[in-house]
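A.B. asks: Model the following, please.
(chains A and B)
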Number of protein chains: 2
Amino acid sequence: MHLSLVCLAKPVLHGYFRSSCSWRVRIAFALKGIEYDQVPVHLIKDGGQQHTEQYQTLNPMQQVPAVEIDGITLSQSLAVIQYIDETRPGPPLLPADPKKRAQVRMISDIIASGIQPLQNLHVIQKMGTEKVQWAQHFIDRGFQALEPLLKQTAGKYCVGDEISMADICLVPQVYNAERFKVDVEQYPTIKRLNETLLEIEAFRVSDPSCQPDTPEDLRA
Amino acid sequence: MHLSLVCLAKPVLHGYFRSSCSWRVRIAFALKGIEYDQVPVHLIKDGGQQHTEQYQTLNPMQQVPAVEIDGITLSQSLAVIQYIDETRPGPPLLPADPKKRAQVRMISDIIASGIQPLQNLHVIQKMGTEKVQWAQHFIDRGFQALEPLLKQTAGKYCVGDEISMADICLVPQVYNAERFKVDVEQYPTIKRLNETLLEIEAFRVSDPSCQPDTPEDLRA
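C.D. replies: Numbers count the residues shown, from 1 in each chain, chains lettered A, B, ... in the order given. Model prediction:
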């Protein structure tokens, strides 16, 4: 009885409304139709709640997200998304074809390894007055690579005509680009995909503008 | 006939002997017993051969590795490794159990998204005289997170007793740590796993000390 209760417990997402990596996980949950609870971790208040001893037991990298699910705790959004995909019914988040799966992972990793880590809060905080220029440099470098790749792989969405993990990564990264005043008009494929994806319910309900910890003045 | 020739062609790895991400792919090929050709891309000579127009068609991120395989070109080492795993026989590089798979991906991503991108050549080149201190900071931060996680997940290897993608990521990252004079003694689990893994043939033959482009004075 106890065991089955553990298994049936709703997943808990420890995240932050404006964290692009938390947003990725929110989109995955929404696409799969999975109910979950959110525990806000304020990345600025009190010097950053991600640095508390309690939070470090959830994610020793002191970053969001951390997800409690099925009795384990996971960090790293792409690991979480692929775990959800491999254990939950609903629309697949990776295509069945191995070559397309590889393309989805390549695009996801260009964002998750090649762009986001270089413009995330911890790095930006170390850059002082150069922080906007630094973030713009790395987002532009990544988008300059993504644009020609997406031109080859995209159909309606990033890879073909099915929504995938690549789309889940793209939309929050474009949001970050806009926050750092990157000119997204330079990247017509990225811009078109982002606009298409933002029409979809799962992307809208998981948007930073409408989360439990979104401050009043930033609410849509 | 033409198509089958394409499929049977050996994969081509465009990499650099000392690149940790290239080394990851070399380990995966070796573990699977896959023959491949190497085309060296010198990251320093001529201002960096990864910046040539020709190379950018292989990897617009202007980084190594890029892999030509089965008629497609892939970049991002974890996408390549998982593609190999999903299309080739031989020992699996991810466990069958979904929770263990997630732990393998989490550990791999802590390295591939949380550590390596912050100490790679392009970033370090921007840091000038602070480059060693910067690299040490991010490697230590990552290892401080990995050590307690690996204590929980490791058996003989990073996750349980089977070699996985997490091990493939760990060894090249420890090599980078040593290059940047990080004190690996502080991380007994990481140190123990690295030593165990370096005994394995697939890790040894793919080592930076014995690649086609390894300079004479760095050869083992």
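
A.B. asks: Now do the same contact list for the spatially most central residue of chain A.
C.D. replies: Per Cα atoms, centre = their mean, the C-alpha nearest to the average position across chain A is that of residue A:24, at 2.5 Å. Contacts for residue A:24 were tallied using Cβ atoms under 8 Å, 6 or more residues apart in numbering or on different chains; they are A:77, A:78, A:81, A:168, A:169, A:172. Glycine gets a C-beta too; all of them are placed from N, C-alpha and C.

A.B. asks: Could you single out the nearest of those residues to residue A:109?
C.D. replies: residue A:78 (7.6 Å; Cβ to Cβ).

A.B. asks: Quickly find the element holding the closest one.
C.D. replies: Secondary-structure element containing residue A:78, defined by DSSP states H and E: helix A:77-87.

A.B. asks: Can you identify the element that follows that helix toward the C-terminus?
C.D. replies: Following helix A:77-87 in sequence, per DSSP H and E, is helix A:98-112.

A.B. asks: got the contact list for that next one?
C.D. replies: A:21, A:77-78, A:94-95, A:142, A:145-146, A:149-150, A:153, A:158-160, A:164-166, A:168-170, A:173, B:61, B:70, B:72, B:74-76, B:78-80, B:82-83, B:86-87, B:109, B:112-113.

A.B. asks: hmm, back to that, turn the contacts of residue A:24 into CSV, columns for neighbour count, distance to residue B:99 and pLDDT.
C.D. replies: Shown next, in CSV, are the contacts of residue A:24 (neighbours: other Cβ atoms under 10 Å in any protein chain shown; distance: Cβ to Cβ, whole Å; pLDDT from 0 to 100):
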residue, neighbour count, distance to residue B:99, pLDDT
A:77, 33, 17, 98
A:78, 27, 16, 98
A:81, 29, 15, 98
A:168, 29, 21, 98
A:169, 29, 23, 98
A:172, 25, 26, 98
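
A.B. asks: Kindly state the domain boundaries assigned to chain A.
C.D. replies: Using automatic domain parsing, the domain parsing of chain A gives A:2-91+A:206-218, A:98-204.

A.B. asks: Which one of those domains has the poorest average confidence?
C.D. replies: Here the domains of chain A differ in mean pLDDT, and the lowest is domain A:2-91+A:206-218 at a mean of 94.

A.B. asks: Run through the strands of chain A in chain order.
C.D. replies: For chain A, strands defined by DSSP state E occupy the ranges A:12-15, A:37-40, A:66-69, A:72-75.

A.B. asks: Those: which one's closest to residue B:36?
C.D. replies: Here strand A:72-75 is closest among those (Cβ to Cβ), at 32.5 Å.

A.B. asks: quick revisit: any quick PyMOL command for the buried ones out of the contacts of helix A:98-112?
C.D. replies: Buried residues among the contacts of helix A:98-112 (16 or more other Cβ atoms under 10 Å in any protein chain shown), as a PyMOL selection:
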select buried, (chain A and resi 21+77+78+94+95+142+145+146+149+150+153+158+159+160+164+165+166+168+169+170+173) or (chain B and resi 61+70+74+75+76+78+79+80+82+83+109+112+113)
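
A.B. asks: who touches residue A:185 in this structure?
C.D. replies: Applying Cβ under 8 Å, 6+ apart, we find residue A:185 in contact with residue A:191.

A.B. asks: Roughly how far does it sit from residue A:208?
C.D. replies: Distance from residue A:185 to residue A:208, counting by Cβ to Cβ, to the nearest Å: 22 Å.

A.B. asks: on that earlier part again, of all the domains of chain A, which one is nearest residue B:51?
C.D. replies: Among the domains of chain A, domain A:98-204 sits nearest to residue B:51 (Cβ to Cβ), with 11.5 Å.

A.B. asks: Quick check: end-to-end length of that closest one?
C.D. replies: The straight-line separation of the ends of domain A:98-204 (Cα to Cα, to the nearest Å) is 29 Å.
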